[in-house]
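> What would the 3D arrangement of this be:
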Amino acid sequence: MDTSKVRKAVTGAVRSWSGQLVALSHGLHEEPETALHEHRSAARVADLLEAGGFTVTRGVADLPTALVATSGTGGLVIGFCAEYDALPDIGHACGHNVNGASAVGAALGLAAVADELDLTVKLIGTPAEEDIGGKVLLLDAGAFDDVAAAMMVHAAPDDSVGASSLAIGSWDITYRGRPSHAALAPWEGVNALDALTVAHTAVGLLRQQLRPGVAVHGIVTEGGQAVNVIPARSRARCEVRARTVEQLDEAWQRVRACFEAGALATGAELELSSHGRDFADLRQDPDMTRAYVEALGELGRTATSRHGESMASTDMGNVSQHVPTIHPTIGYETGGAKQHTPEFTTYGKSPGADRAVLDGAAALALTGAALAMSPSQRSRLLEGVSRRQRSHS
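Okay, the predicted model is just below:
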């Protein structure tokens with residue numbers, strides 16, 4: 001097909017859905033739902049895609065709020081990841097209403113030329129990015145096995161491309177001790193809160209010996225039930241971040257030893273369990289990034305290169321280590337507010353955020369079209385799918 005005709009068809013399709021896409025973004029924002037409870041949010045996404053002629057499967061990978069929607073029958077599968085979970089108490093303070101709506105718009109836009117470009121458009125609804133990492137579970141379940149290229153945009157104060165993200169792991173910690181009267185017989189108790197205090201102190205001292213880029217942070221979720229009783233149980237959650245999955249594993253071994261030291265020092269029993277799945281560091285595909293930058297430029301936007309910089313953490317990192325991936329940011333005015341703050345939430349339905357939904361959708365769809373129309377990119381991406389499938393057989 002003529003390149004200009006394809007681009008007009010894609011951008012025209014996104015424009016034709018603009019009212020519904022903005023309404024989707026606003027609906028997600030107005031009724032924020034947290035990880036694995038995004039029932040209304042997932043239904044909104046699925047309903048709009050069904051209205052657009054997609055075949056939708058809900059409850060994928062035993063996740064009630066995950067979904068897969070497809071349009072077209074071509075051999076090249078272009079995947080878009082839709083996020084829609086919010087943060088507890090502060091709603092869509094990470095802009096996932098913008099992320100999810102733009103991914104849906106991209107799928108609808110690219111579907112308009114799917115037959116002409118011999119491709120399949122696949123929208124993967126990915127819950128719990130802010131918690132256990134739905135993309136990792138969907139990746140394990142095979143939802144990305146046939147995907148040749150995966151992409152999404154993320155809401156932010158500015159447009160950017162090329163950044164990495166920090167690998168992250170999260171663990172739940174429980175110490176079990178023995179209660180006793182804190183005044184009459186404290187020596188008969190085993191203080192589970194003391195064990196946590198020792199561990200917290202050890203982690204603080206460890207920080208000097210950790211690699212640059214490694215961060216350790218946590219909260220105490222239980223420290224006892226009564227002030228005059230030696231605490232028989234304490235609980236905490238700890239997160240460790242690092243520049244790569246290899247450095248994450250290395251750092252966790254050091255941090256784990258700190259928690260073991262708490263048990264050893266006090267005699268309490270230690271229980272450690274992973275909270276969700278580790279997020280890998282993000283590796284953005286340079287060829288896809290160039291196509292996205294060109295598409296964004298056609299829409300009158302310019303992205304800042306963040307190559308060599310790290311964002312926070314995302315389960316899109318796990319996808320990127322198996323499938324060529326991009327995860328650029330799409331910007332709008334936030335009054336200087338950063339993500340994960342109540343102030344950022346207030347801008348999620350602004351005119352700038354609405355434009356970000358539509359521009360992000362068009363830029364992603366144009367990127368998918370450019371990949372499909374390039375013989376060299378098409379060959380590269382299809383060979384990547386074949387290689388992954390051979391390695392699994």
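> quick one, helices of the stretch 1-150 of the chain?
Per DSSP state H, counting those that start in this stretch, the stretch 1-150 of the chain carries helices over the ranges 3-16, 18-30, 39-51, 96-111, 134-140.
> most packed of the ones you listed?
helix 96-111 (a mean of 30; mean count of other C-beta atoms under 10 Å). Where you see a C-beta, it was placed from the backbone N, CA and C, and this is true even at glycine.
> Next, the contact list for the closest residue to residue 55 other than its chain neighbours, please.
In this structure, residue 55 finds its nearest non-sequential neighbour in residue 70, 5.3 Å apart by C-beta to C-beta, 6 or more residues apart in numbering. Going by C-beta atoms under 8 Å, 6 or more residues apart in numbering, residue 70 touches 54-55, 120-123.
> run the last query once more with 10 Å
Residue 70 makes contact with 49, 54-57, 77, 79, 107, 111, 114, 120-124, 146 under the criterion C-beta atoms under 10 Å, 6 or more residues apart in numbering.
> The helices of the stretch 1-150 of the chain: which one's closest to residue 248?
helix 134-140 (13.8 Å; C-beta to C-beta).
> And the average pLDDT for the closest one is what?
Confidence for helix 134-140, expressed as mean pLDDT, is 98.
> Mind giving me the packing neighbours of that helix?
Applying 3 or more C-beta pairs under 10 Å, 6 or more residues apart in numbering; DSSP states H and E, one finds that helix 134-140 makes contact with strand 76-82, strand 119-125, helix 316-320.
> okay, the angle between the first one and helix 96-111?
With axes from the mean of the first three to the mean of the last three C-alpha atoms, to 10 degrees as the basis, strand 76-82 and helix 96-111 are set at 160 degrees to each other.
> List the strands paired with the helix or strand bottoming out on mean pLDDT in the chain, with their directions.
The weakest-scoring helix or strand in the chain, judged by mean pLDDT, DSSP states H and E, is strand 310-311 (a mean of 88). Next to strand 310-311 in the sheet, as set by DSSP bridges, lie strand 164-165 (parallel).
> Residues contacting the partner strand, please?
241, 243-244, 279-284, 306-317, 320, 327.
> Now the closest residue to residue 275 other than its chain neighbours, what are its backbone angles?
Excluding the flanking residues, the one nearest residue 275 by C-beta to C-beta, 6+ apart is residue 170, at 4.1 Å. When read as degrees, to the nearest 10, the backbone of residue 170 gives phi -130, psi 140.
> partners of residue 170 in the sheet?
In this entry, residue 170 is beta-bridged to residue 239, by DSSP bridges.
> residues contacting it?
131-133, 218, 237-241, 274-279, 313.
> which of these count as buried?
By neighbour count, with 16 or more other C-beta atoms under 10 Å, those hold 131-133, 218, 238-241, 276-279, 313 as buried.
> Closest one of those residues to residue 293?
Residue 293 lies nearest to residue 313 out of the buried ones among the contacts of residue 170, by C-beta to C-beta, at 23.9 Å.
> The closest residue to residue 256 other than its chain neighbours in helix, strand or coil?
In this structure, residue 256 finds its nearest non-sequential neighbour in residue 272, 6.9 Å apart by C-beta to C-beta, 6+ apart. Classification of residue 272 using DSSP: H, G, I helix; E, B strand; the rest coil returns strand.
> Residue 272 - how many residues pack around it?
Using other C-beta atoms under 10 Å, residue 272 has 13 neighbouring residues.
> mind listing what it touches?
171-174, 238, 256, 259-260, 263.
> So what sits opposite it in the bridge?
Taking DSSP bridges as the rule, residue 272 bridges to residue 173.
> how close does it get to residue 214?
19 Å (C-beta to C-beta, to the nearest Å).
> next one: residue 123
35 Å.
> Likewise for residue 151?
29 Å.
> more crowded one of these two?
Neighbour count, other C-beta under 10 Å: between residue 151 and residue 214, residue 151 has more, with 31 against 22.
> Distance of the nearest residue to that one once chain neighbours are set aside relative to residue 237?
Excluding its sequence neighbours, the residue lying closest to residue 151 (C-beta to C-beta, 6+ apart) is residue 326, at 4.8 Å. In this view, residue 326 and residue 237 are 31 Å apart by C-beta to C-beta.
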